[in-house]
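Chemist: Okay, predicted coordinates and the sequence, questions at the end:
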Amino acid sequence: EEDTSAQYCDKTTKSCGNNDEVSYGKKHIFYDVNPPEGFNLRRDVYMRFAIMLAEAQKQGKDNWELVLPPWYNLYHWRSGRRQPTPWNKYFDIKSLKSYSPVVEMHEIFSKTKKKELEIDVLYILENYEDPFENGVFNEKWHVKGECEYDGLYWGYNNVTAKEVLCVQFQGKASQLWELIALHPHATKLMFSHGEIPLHDTYGTKSYWDCRKSMKFNKNLIHIAKDYIAEYLKCKTERCATYFSVHWRRQDFARSRGNQVPSIAGTAKQIRKALKKLPDINKVFIATDASMSEINKLENALNDYGYETHFFLPSPSIIEEYGDGGIAIIDQIISSHAAYFIGTHESTFTYRIQEEREILGFDSSTTFNRLCPDTGHCEKSTKWLIVN
Ligand SMILES: C[C@@H]1O[C@H](OP(=O)(O)OP(=O)(O)OC[C@H]2O[C@@H](n3cnc4c(=O)[nH]c(N)nc43)[C@H](O)[C@@H]2O)[C@@H](O)[C@H](O)[C@@H]1O
């Protein structure tokens, strides 16, 4: 007898079922990232996977979706939210979906109506001990065999894996399809250490198309724009009223002391750059510095006669968005400034530079860096937009 509530029937076995997983009909790729990696490197890892899926879709692989790995337990995020956080807290999911077939983790649970998730195959990626065997970097992979996963499944305790394989891997993200092909019947595959596969092509049109789709959550944009209008007196996309700096401290100041300037050195460099912009006297500082460092820099800049601004979140913003949201607000405010100086080799700075490329600023106002007090200072690499 036909079950009318069933969502699909099978002709051969003459059985009908409510297996939502089958009716949903998609195959899913999950990934996680090495726990100590920060937010802005993770955004880059996302792009490698999103481009991999978008390119495959163009070639007819249209039943695959990338599951957005919830944000959980990030090393640098100590205040606010502690639960696994979905991507819509920080990004505009509709915009991400316009570029690549992505879904939130909670969508998987709601669409399949399951309380538990079992991954068919989990590949734990590892680097080769010597990436340059005989002096050459070849793309390659090697399945070492079964092993144990000691990760956190993004903070969920209802996720497990049927089969866990350790795989040495070096090369581009698209090469992961070769691993996926080893298990043609698997519908849920996961890659642990998603930071190991590289971009297929860095800085190309696909890269920028994907990057442009990474729009922020609208509420965060509103908060940043209200702040810019109120304190930095600008209501346009490319502001002429203020100067911005990404002043990375914390672990950078501790372990890269010879690459980052002292507080007095930072103030001097800001003054030097501002001398060339006589119409601007407002400075916005995005930073992870401690309050005492912030006060010292503010005093030094005030002594030079500049009006100095820092975004200080209200407790309700901290509660709602946590450190990740505040970091994004700082990035948005920095992106719209007439002129920007960043921190050398910080992915936080790189993402601001990309945003400014998208906004159409002249690159001379973007690819500038704070130099160490020694004055020894390589120029910033310019990653210009490709439309
Ligand atoms: C040394 C390396 O540094 C890498 O950091 P790097 O590229 O700067 O870039 P992120 O990984 O984004 O920086 C780490 C975190 O520090 C906070 N942070 C840094 N700068 C700011 C800022 O201006 N404003 C606010 N609100 N928060 C900031 C923020 O929580 C961010 O997610 C790390 O990803 C690596 O794991 C490693 O630690």
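Modeler: Ah, there it is.

Chemist: The residue in the chain that the ligand sits nearest to: neighbour count?
Modeler: Per CB to the nearest ligand atom, Gly38 is where the chain lies closest to the ligand, at 1.9 Å. C-beta here means a position set from N, CA and C on the backbone, and glycine is covered the same way. A total of 17 residues lie near Gly38 under the criterion other CB atoms under 10 Å.

Chemist: ok now do it, which residues does it touch?
Modeler: Leu74, Tyr75, His76, Thr347, Phe348 (CB atoms under 8 Å, 6 or more residues apart in numbering).

Chemist: what do you get for Cys210?
Modeler: Cys210 neighbours (CB under 8 Å, 6+ apart): Met47, Ala50, Ile51, Ala54, Tyr99, Ser100.

Chemist: Those residues also near the ligand: which ones?
Modeler: Of the residues in the contacts of Cys210, proximity to the ligand by CB under 6 Å from any ligand atom holds for none.

Chemist: what kind of secondary structure is Cys239 in?
Modeler: coil (DSSP: H, G, I helix; E, B strand; the rest coil).

Chemist: what's the neighbour count on the closest residue to it other than its chain neighbours?
Modeler: Leaving out its chain neighbours, the residue that sits closest to Cys239 by CB to CB, 6 or more residues apart in numbering is His336, at 4.9 Å. A total of 24 residues lie near His336 under the criterion other CB under 10 Å.

Chemist: wait, doesn't His336 sit right on Thr241?
Modeler: No: counting by CB atoms under 8 Å, His336 does not reach Thr241; the two are 9.7 Å apart.

Chemist: overlap in contacts of these two?
Modeler: Contacts common to His336 and Thr241, judged by CB under 8 Å, 6+ apart, are Cys234.

Chemist: Which element, helix or strand, includes Gly145?
Modeler: In this assignment (DSSP states H and E), Gly145 forms part of strand 140-146.

Chemist: Quick check: next helix or strand after that strand?
Modeler: strand 159-170.

Chemist: packing partners for that following strand?
Modeler: When contacts are defined as 3 or more CB pairs under 8 Å, 6 or more residues apart in numbering; DSSP states H and E, strand 159-170 sits against strand 117-126, strand 140-146, helix 176-180.

Chemist: Partner strands of the second one and their direction?
Modeler: What that stands for is strand 140-146. Sheet pairing of strand 140-146 (DSSP bridges) gives strand 159-170 (antiparallel).

Chemist: So what's the gap between the partner strand and the chain middle?
Modeler: Averaging C-alpha positions (CA atoms, centre = their mean, to the nearest Å) puts strand 159-170 23 Å from its chain's average.

Chemist: Kindly report the same for stretch 37-55.
Modeler: 7 Å.

Chemist: Low-confidence regions, the stretch 151-300 of the chain specifically.
Modeler: Across the stretch 151-300 of the chain, nothing is flagged by pLDDT under 70.

Chemist: Tell me the residues of it that contact the ligand?
Modeler: So the stretch 151-300 of the chain meets the ligand at His246, Arg248, Asp251, Ala286, Thr287, Asp288 (CB under 6 Å from any ligand atom).

Chemist: Grab the nearest non-local neighbour of the spatially most central residue of the chain.
Modeler: By CA atoms, centre = their mean, the chain has its centre lying nearest to Arg43, at 1.5 Å. Spatial nearest neighbour of Arg43, chain neighbours left out: Arg351 (6.3 Å); criterion: CB to CB, 6+ apart.

Chemist: now do Trp71
Modeler: Per CB to CB, 6+ apart, closest to Trp71 is Thr85, 4.3 Å.

Chemist: on that earlier part again, how about the strand holding Gly145 as PDB, C-alpha atoms only?
Modeler: Only the C-alpha atoms of strand 140-146 are listed here, as PDB (Å, rounded to 0.1, in the frame of the first residue of the first chain):
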ATOM      1  CA  LYS A 140      50.300  14.600  -4.100                       C
ATOM      2  CA  TRP A 141      48.400  12.700  -1.500                       C
ATOM      3  CA  HIS A 142      48.700   9.400   0.300                       C
ATOM      4  CA  VAL A 143      46.200   7.600   2.500                       C
ATOM      5  CA  LYS A 144      48.100   6.400   5.500                       C
ATOM      6  CA  GLY A 145      45.200   4.400   7.000                       C
ATOM      7  CA  GLU A 146      42.700   4.500   9.700                       C
END
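
Chemist: That one vs strand 117-126, what angle?
Modeler: 120 degrees (axes from the mean of the first three to the mean of the last three CA atoms, to 10 degrees).

Chemist: how far does strand 140-146 sit from the chain's center?
Modeler: Distance, centroid of strand 140-146 to centroid of chain: 28 Å (CA atoms, centre = their mean).

Chemist: Buried residues, it. List them.
Modeler: Residues of strand 140-146 classed as buried by neighbour count (16 or more other CB atoms under 10 Å): Trp141.

Chemist: got the contact list for it?
Modeler: Taking CB under 8 Å, 6+ apart as the rule, strand 140-146 contacts 126, 128, 163-171, 175, 178-179, 182.

Chemist: how many neighbours does the closest residue to Leu122 other than its chain neighbours have?
Modeler: Spatial nearest neighbour of Leu122, excluding adjacent residues (CB to CB, 6+ apart): Ala161 at 3.9 Å. Here the count is done by other CB under 10 Å, and Ala161 has 21 residues near it.

Chemist: hang on, the earlier thing: mind checking the pLDDT average for the strand holding Gly145?
Modeler: Across strand 140-146, pLDDT averages out at 97.
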